[in-house]
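> Could you look at this predicted model? Sequence included:
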Amino acid sequence: AQSVAQPEDQVNVAEGNPLTVKCTYSVSGNPYLFWYVQYPNRGLQFLLKYITGDNLVKGSYGFEAEFNKSQTSFHLKKPSALVSDSALYFCAVRDPDSNYQLIWGAGTKLIIKP
Amino acid sequence: GAVVSQHPSRVICKSGTSVKIECRSLDFQATTMFWYRQFPKQSLMLMATSNEGSKATYEQGVEKDKFLINHASLTLSTLTVTSAHPEDSSFYICSARDHEVSVSPLHFGNGTRLTVT
């Protein structure tokens, strides 16, 4: 069965430090992977996606993610965290059996402390 | 960039009344829109897939007669919560994909906070 796991409910990082939000997936075939961010009482905003090609994908707001096929991971990273990065982050994979639907991770709350 | 407009952002209604939520793609055409429900501190729960010009596809456990979905044009889908009850109080979010973009990401509305009293 297709699935996405975000093993951490919450990640705490000091401002200026690098951050990583973890995501692993299980899907048949080649995965299409996405990261979204949600600020309080708002919808989700697209950050970046991996379809094919370079394993390091760069996205909005200075975020990037690395696709690792052997570890079936797609961790979100940023070299230097900002307080304004504090939000809820979702990893998702497109379900190859259900056209355009996304399978969502449970979300990880990222807290950046000044 | 692609923008999805969702209205209203907040609505408070009495038990037994119906509430309509609109979701519009402003600068792209969306043959498919998705309606999600999100509980506090929880992930997104897909309720239904809205297809332009045809009946919506509901996820298991979602009552289609309670959550009426209409997708009459390529830029508008509506969700009507009929005979609302307090347990329907939640955050509802719509999303759409640009069907002209290969592997388009989903573009989300800002959500609707529904409170049923």
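Okay, I see it. As the structure is a computational prediction, the values presented were derived from the model and not from experiment.

> For the rest of this, base every contact and every neighbour count on C-alpha atoms.
Will do.

> and chain A, which of its residues are near chain B?
Within chain A, the positions lying close to chain B (Cα under 8 Å from any Cα of the partner chain) are A:34, A:41-46, A:49, A:51, A:104-107.

> what about 10 Å?
Contacts of chain A with chain B, taken as Cα under 10 Å from any Cα of the partner chain, map to A:9, A:32-36, A:38-39, A:41-51, A:88-90, A:94, A:99-109.

> List only buried entries from the residues you listed.
A:32-36, A:38, A:42-50, A:88-90, A:94, A:100-109 (16 or more other Cα atoms under 10 Å in any protein chain shown).

> All the strands of chain A, in order from the start?
Assigned by DSSP state E, chain A shows strands spanning A:3-5, A:10-14, A:19-21, A:24-26, A:33-38, A:44-50, A:56-58, A:64-68, A:73-78, A:87-94, A:102-104, A:108-113.

> Dump those strands to a markdown table, plus mean pLDDT.
Below are these laid out as a markdown table (pLDDT from 0 to 100):
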| stretch | mean pLDDT |
| --- | --- |
| strand A:3-5 | 93 |
| strand A:10-14 | 98 |
| strand A:19-21 | 98 |
| strand A:24-26 | 95 |
| strand A:33-38 | 95 |
| strand A:44-50 | 94 |
| strand A:56-58 | 96 |
| strand A:64-68 | 97 |
| strand A:73-78 | 98 |
| strand A:87-94 | 94 |
| strand A:102-104 | 90 |
| strand A:108-113 | 96 |
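
> want to try JSON lines for those strands, with distance to residue B:91 as columns?
Formatted as JSON lines, the strands of chain A follow (distance: least, Cα to Cα, whole Å):
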{"stretch": "strand A:3-5", "distance to residue B:91": "22"}
{"stretch": "strand A:10-14", "distance to residue B:91": "21"}
{"stretch": "strand A:19-21", "distance to residue B:91": "24"}
{"stretch": "strand A:24-26", "distance to residue B:91": "26"}
{"stretch": "strand A:33-38", "distance to residue B:91": "13"}
{"stretch": "strand A:44-50", "distance to residue B:91": "12"}
{"stretch": "strand A:56-58", "distance to residue B:91": "30"}
{"stretch": "strand A:64-68", "distance to residue B:91": "28"}
{"stretch": "strand A:73-78", "distance to residue B:91": "26"}
{"stretch": "strand A:87-94", "distance to residue B:91": "15"}
{"stretch": "strand A:102-104", "distance to residue B:91": "17"}
{"stretch": "strand A:108-113", "distance to residue B:91": "18"}
